[in-house]
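Peer 1: Provided below for reference: sequence and predicted model.
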Amino acid sequence: MSDLPQVAEILAKSRRVAVLTGAGVSAESGIPTFRGLGGLWNGRDPMSLATPEAFASDPATVWEFYRWRRDLVSQAEPNPGHRALAELARHRSPNFTLITQNVDRLHQRAGNRDVLELHGNLFDVRCTQCSRTFDRTGVALPPLPQCVDCGALLRPAVVWFGESLPQDVWGTAELAVEQADTMLVIGTSAVVYPAAGLVMTAAAAGCTVIEINLEPTPMSHFVDFALFGKAGEILPRLLAADMNPSE
Ligand code: BJW
Ligand code: ZN
């Protein structure tokens, strides 16, 4: 973390900031990450369930997994890392874009608006037949929920492997990192594409890239600075320096 004062200075001087977050930012809220230690969710491997094939072959099991996660994140609270990002957004608006791979909505609950959700979220559901999307926040879902319009099976409105990201969200995210002069990449293993590719896009556009993670990732070679530690501890320190650049 010895680079923190230098990173704080760069952040303070930047005009446009883009942030990409991953599961690590919610780890301190008690939400398990996908990979590595603790990457098993309620005894299941999330990677084997986050596919259209798993849903097609056993929708009840996949729905059970997603209901469990909806409950888990509903009971969780945003942590100091989420709150620091919400404060940074308020302080820097409108020259701030938050892009997340997370589906837990904890950024929004911390106060971030206009969050670009690359992989959807746990609270919307989509019809497998007519594609209508419904907000089911706080609603208890039956084992196999059905569309009120056409009666077909509903699915979680998240992006599984092999599926396309929402095009408008993706386009806005790409533009934001191309236009940013500083990008923070926080709590992501940076192995899932195209999200991880945003780091290269930013670097190629001349943006200064700062990674915050517990450990090195495949992106660590390409970033300008890597701060190793907990997002919930580093982000409040960066925020304090951004609000009081002379200190
Ligand atoms: C802390 C911390 C603390 C812990 N503080 N840090 C190019 C190359 C290779 C493959 C592909 C490619 N392009 C596409 C692909 C295929 C595929 C892919 O990327 N595969 C690779 C894994 C090999 N991508 C796709 O299929 C994507 N779609 C696509 O490309 O469409 C076009 C297409 C169509 C048809 C055919 C082919 C292409 C879609 C990807 C969708 C990913 N979906 C998931 C599930 C979402 C729903 C759900 O939640 O259930 O998204 S998978 C899962 O991984 C989830 C996450 O958002 C995503 C990323 O994980 P993340 O956030 O990085 O978490 P972890 O656990 O991996 O890492 C946590 C990190 O935090 C660690 O580094 C810790 O150290 C750190 N940490 N505590 C700071 N306190
Ligand atoms: Zn329908």
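Peer 2: Nice, thanks for sending it over. Ligands and ions are numbered 1, 2, ... in the order given.
Peer 1: any stretches of this structure with poor pLDDT?
Peer 2: Scanning the chain for pLDDT under 70 picks out 1, 37-38, 40, 42, 245-247.
Peer 1: show residues contacting the top strand by length along it.
Peer 2: Assignment by DSSP state E gives strand 120-127 as the longest strand of the chain. Contacting residues not belonging to strand 120-127 are listed as 66, 69-70, 73, 103-105, 132-137, 141, 145, 147, 149-150, 152-159, 166 [C-beta atoms under 8 Å, 6 or more residues apart in numbering]. C-beta coordinates here come from the backbone N, C-alpha and C atoms, glycine included.
Peer 1: buried ones among those residues?
Peer 2: Among those, those classed as buried by 16 or more other C-beta atoms under 10 Å are 66, 69-70, 73, 103-105, 134, 136, 145, 147, 154-159, 166.
Peer 1: of the contacts of strand 120-127, which are in range of ligand 2?
Peer 2: Among the contacts of strand 120-127, proximity to ligand 2 is found for Cys147, Asp149, Cys150, Ala152 (C-beta under 5 Å from the ion).
Peer 1: of the residues you listed, which is the nearest to Gly232?
Peer 2: Within these, proximity to Gly232 (C-beta to C-beta) peaks at Cys147, which comes in at 39.0 Å.
Peer 1: how close does the closest one sit to ligand 1?
Peer 2: 20 Å (C-beta to the nearest ligand atom, to the nearest Å).
Peer 1: residues in contact with that residue?
Peer 2: Counted by C-beta under 8 Å, 6+ apart, Cys147 has contacts Cys127, Gln129, Cys130, Arg132, Leu153, Leu154.
Peer 1: which of these sit farthest apart?
Peer 2: Longest span within the contacts of Cys147, C-beta to C-beta: Arg132 and Leu153, 12.5 Å.
Peer 1: ok, back up a step: turn the contacts of Cys147 into a markdown table, columns for secondary structure.
Peer 2: Shown next, in a markdown table, are these (DSSP: H, G, I helix; E, B strand; the rest coil):
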| residue | secondary structure |
| --- | --- |
| Cys127 | strand |
| Gln129 | coil |
| Cys130 | coil |
| Arg132 | coil |
| Leu153 | strand |
| Leu154 | strand |
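Peer 1: nearest to ligand 1 among those?
Peer 2: Lowest distance from ligand 1 to those (C-beta to the nearest ligand atom) belongs to Leu154, with 15.3 Å.
Peer 1: anything in stretch 198-208 near ligand 1?
Peer 2: No: using C-beta under 6 Å from any ligand atom, stretch 198-208 stays clear of ligand 1, coming no nearer than 11.2 Å.
Peer 1: hang on, the earlier thing: just the buried ones among the contacts of strand 120-127: which are in strands?
Peer 2: Using DSSP E, these in strands are Phe134, Leu154, Arg155, Pro156, Ala157, Val158.
Peer 1: does ligand 1 sit close to the longest helix anywhere in the chain?
Peer 2: Within the chain, and with DSSP state H defining each element, the longest helix by residue count is helix 59-75. No: using C-beta under 6 Å from any ligand atom, helix 59-75 stays clear of ligand 1, coming no nearer than 7.1 Å.
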